[in-house]
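Undergrad: got a predicted structure plus its sequence, pasted below:
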Amino acid sequence: MSSRRPERVESLIGEIVGSLLVSGKLKDHRISPFATVTCVKVSSDFAYAKIGISCFDGAAKAKKSVVGLNSAKGIIQRELAQKMRLRNTPVLTFFADSSLEEGYLINKKIEELLIESPVSDK
């Protein structure tokens with residue numbers, strides 16, 4: 001088995017779930033139209049997959065979207081089974097990923113520090 005296979009499976013799962021979010025096939029009012037897949041991690045035996053979800057309109061919407069996605073995971077798993085060629089379809093777990101928001105805040109603080117104390121060239 002290739003050592004890059006988990007990465008390829010994670011990438012494919014992210015693409016399929018992302019296309020389901022964009023296409024509007026998931027008709028749950030809790031899922032934000034601005035929800036996006038940020039990360040996918042599969043177990044070593046491909047039995048489980050954790051999918052990080054982030055929303056451009058805030059962490060509260062991301063948490064609400066996760067609830068909607070967890071209730072629609074049967075539909076998502078069926079789509080994965082049809083489009084992926086694996087023996088078993090991974091059991092999906094969605095979680096709200098706040099890493100993008102945290103990264104933005106860190107960058108903002110760094111910019112503020114650079115403005116307050118400019119670096120002098122000596």
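TA: On my side now, so go ahead.
Undergrad: for Lys27, give its distance to Ser71.
TA: 12 Å (Cβ to Cβ, to the nearest Å). C-betas here are computed from N, CA, C, even on glycine.
Undergrad: any low-confidence regions in this protein?
TA: 1-2, 118-122 (pLDDT under 70).
Undergrad: which residues of the protein fall in helices?
TA: 5-23, 59-71, 73-83, 99-116 (DSSP state H).
Undergrad: residues contacting the residue nearest the centre of the chain?
TA: Among the residues of the chain, the one closest to the centroid is Val37, at 2.6 Å (Cα atoms, centre = their mean). Counting by Cβ atoms under 8 Å, 6 or more residues apart in numbering, Val37 touches 14, 17-18, 21, 51-53.
Undergrad: which of those lies closest to Leu100?
TA: Using Cβ to Cβ, Gly52 is the member of the contacts of Val37 that sits closest to Leu100, with 9.5 Å.
Undergrad: picking up where we left off before, need the max-distance pair from the contacts of Val37.
TA: Leu21 and Gly52 (12.7 Å).
Undergrad: which one of Lys27 and Ser71 has more residues nearby?
TA: Ser71 (14 against 9; other Cβ atoms under 10 Å).
Undergrad: from Pro33, how far out is the more buried one?
TA: For Ser71, the distance to Pro33 - Cβ to Cβ - is 17 Å.
Undergrad: what does Ser65 give?
TA: Remark: distance between Ser65 and Pro33 (Cβ to Cβ) = 10 Å.
Undergrad: between these two, which one's more packed in?
TA: Ser65 (26 against 12).
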